[in-house]
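Peer 1: Got a sequence here, can you model it:
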Amino acid sequence: LGSRLVDAYDIVALDPRGVGASTPVRCRTDKELDEDAAGDLTAPENPTLEERIRLADESSRRISSGCQNLSGNIYQHVDTVSAARDFDMVRAVMGQETLNYLGYSYGTFLGATYAGLFPDKVGRFVLDGALDPAMGGNEVSDLQMRGFEASITHWIEDCQAGAGCPLTGGVTSGIEQMKNFLDGLKKTPLKTSDPDRPLTNNLALSAIIGLMYSTKTYSTLTQAMSMALEDRDGSALLYVADLLAERESDGTHSSNSADAIIAINQLDFSSEGTPDQWEASAKKLREDLPILGSDAGYASAGVDAWPTTHAQRHPITAEGAPPIVVIGTLHDPATPYVMAENLAKQLSSGVLVSWDGWNHTAYSKDGSACVIRAVENYFLDNTVPENGLFCSAW
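Peer 2: From the prediction side, this is the model:
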């Protein structure tokens, strides 16, 4: 956060229920987290639709049973509506008439949900990297896969424009080399510095996708891919995957984020469509996304096997709330720009600010000066940015 904001406000960060230190949901042991992160090496290489559904159902039942065994029934009560109600209790405990709120990514859905429930308690709200609350899980997942594929292509362009890029022969060739590398890991994982933990396809994808959240980490991916492709050593990619999973060197995990996100999403999203529709969507993604398309398109598989309720998605208008600033990054890989457009239109007082960047979320003290002005002037002076404000790259 910018120094002006920090100087003017007490910054209060909350762990939503089930997350971090707030009665954490735990569903898997450290060993099970490692196994799931690596992926099932015995799974069929090209599973049929029926096999995909069976595997997804088995995974849902196994993980939900682990939630119950390791942390009781809290996993049944970590939905976003409940978390938003908790936030309002915190507002009241702090003695605040209204809540001033900066939410990133999932935090935009939490913030919009709060505004919908308590429009009269909304102070100055900024929602950066927006999720569309009306969009179902299938569409969210498919858009994210397209966003990450576009960002990987952008990294390939950036890599090849510099020195020492391990991908040669132009962007199209680079995409093909990435596809071949990842496909090869399904059959033959790559050795790492840990003889018991080779680099699998799942682990490599976790690292690659994680490094797409900011262009500042592009160089890290270039170095890690150079080691993998030129030295046949997956150690750097494994290190990144572990770092993103908050896995310590002794094999323990410092947070429960991998379990919490599953439990929360299972409550917040419903199964949609039919298996035939999933397959049709997956076929289209395979055609359009050479790098990430092979396993995309099945977001609804396994949802009905999770033994809790599943919320229906719906637009949020927050009628009566003061202006709510929604920030969308044009090439955001994780929360594609169309979702910010949608949320800003849904909110009766929505104000859209756009940034021409490739990162996930836009506002930070080191970010675009235009975005910094829009956010900080609103929080500090109640100056509402112009709806439709467009901020160039930097």
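Peer 1: C-alpha only now, for contacts and for neighbours.
Peer 2: Fine.
Peer 1: my guess is residue 235 contacts residue 192, does it?
Peer 2: Yes: the criterion here is CA atoms under 8 Å, and residue 235 meets it with residue 192 at 4.3 Å.
Peer 1: residues shared between the contacts of the two?
Peer 2: The overlap between the contact sets of residue 235 and residue 192 (CA atoms under 8 Å, 6 or more residues apart in numbering) consists of residue 199.
Peer 1: The residue lying farthest from the centre of the chain is in what secondary structure piece?
Peer 2: Distance from the centre of the chain peaks at residue 95, with 32.6 Å (CA atoms, centre = their mean). Assigned by DSSP states H and E, residue 95 falls within no helix or strand.
Peer 1: If I look at it, what pLDDT would I see?
Peer 2: Residue 95 carries a pLDDT value of 97.
Peer 1: ranges for the strands of the stretch 101-250 of the chain?
Peer 2: With strands called from DSSP state E, counting those that start in this stretch, the stretch 101-250 of the chain shows them at 122-128.
Peer 1: residue boundaries of the helices in the protein?
Peer 2: 3-8, 30-38, 49-71, 80-93, 106-117, 137-161, 171-187, 201-210, 218-230, 235-244, 257-268, 275-288, 337-346, 369-381 (DSSP state H).
Peer 1: Enumerate the positions of the second one that are buried.
Peer 2: When you say that, I think you mean helix 30-38. 33, 34, 37, 38 (16 or more other CA atoms under 10 Å).
Peer 1: Repeat that for the first one.
Peer 2: Counting neighbours by 16+ other CA under 10 Å, one finds that the buried residues in helix 3-8 are residue 5.
Peer 1: how about the CA coordinates for that helix, as CSV?
Peer 2: Provided in CSV are the C-alpha atoms of helix 3-8 (Å, rounded to 0.1, in the frame of the first residue of the first chain):
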residue,chain,number,x,y,z
SER,A,3,2.6,5.6,2.1
ARG,A,4,-0.2,8.2,1.9
LEU,A,5,-2.7,5.5,2.5
VAL,A,6,-0.8,3.9,5.4
ASP,A,7,-0.2,7.3,7.0
ALA,A,8,-3.9,8.1,6.9
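Peer 1: Numbering from 46 from now on, please.
Peer 2: With 46 as the first residue, the last one maps to helix 48-53.
Peer 1: which secondary structure elements does it contact?
Peer 2: Judged by 3 or more CA pairs under 8 Å, 6 or more residues apart in numbering; DSSP states H and E, the packing partners of helix 48-53 are helix 414-426.
Peer 1: Report the distance from the helix it packs on to the chain centre.
Peer 2: 25 Å (CA atoms, centre = their mean, to the nearest Å).
Peer 1: what's the answer for stretch 358-378, then?
Peer 2: Distance of stretch 358-378 from the chain centroid (CA atoms, centre = their mean) equals 17 Å.
Peer 1: What's the end-to-end length of that stretch?
Peer 2: 22 Å (CA to CA, to the nearest Å).
Peer 1: Give me the mean pLDDT for that stretch.
Peer 2: 98.
Peer 1: That one: which residues count as buried?
Peer 2: 360-378.
Peer 1: Next: stretch 224-241.
Peer 2: Neighbour-count burial for stretch 224-241, counted by 16+ other CA under 10 Å, picks out 224, 226, 227, 228, 230, 231, 234, 235, 236, 237.
Peer 1: Which residue is the nearest non-sequential neighbour of residue 98?
Peer 2: residue 346 (5.5 Å; CA to CA, 6 or more residues apart in numbering).
Peer 1: Same check on residue 197?
Peer 2: Spatial nearest neighbour of residue 197, chain neighbours left out: residue 257 (6.9 Å); criterion: CA to CA, 6+ apart.
Peer 1: and the one you found, what are its phi and psi?
Peer 2: Backbone torsions for residue 257, taken as degrees, to the nearest 10, come to phi -90, psi -10.
Peer 1: Contacts only, for it.
Peer 2: 193, 196, 197, 200, 263, 378, 404.
Peer 1: Now distance to residue 154 too, for the residues you listed, in TSV please.
Peer 2: Shown next, in TSV, are the contacts of residue 257 (distance: CA to CA, whole Å):
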residue	distance to residue 154
193	20
196	23
197	26
200	28
263	28
378	17
404	19
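Peer 1: Quick check: which of the helices of the chain is nearest to residue 62?
Peer 2: helix 125-138 (6.0 Å; CA to CA).
Peer 1: got the angle for that closest one vs helix 302-313?
Peer 2: Orientation of helix 125-138 against helix 302-313 (axes from the mean of the first three to the mean of the last three CA atoms, to 10 degrees) gives an angle of 110 degrees.
Peer 1: in helix 125-138, what counts as buried?
Peer 2: Under 16+ other CA under 10 Å, the buried positions of helix 125-138 are 125, 126, 128, 129, 130, 131, 132, 133, 136.
Peer 1: which residues sit against it?
Peer 2: Here helix 125-138 makes contact (CA under 8 Å, 6+ apart) with 59, 61-62, 142-144, 154-156, 158-159, 309, 313.
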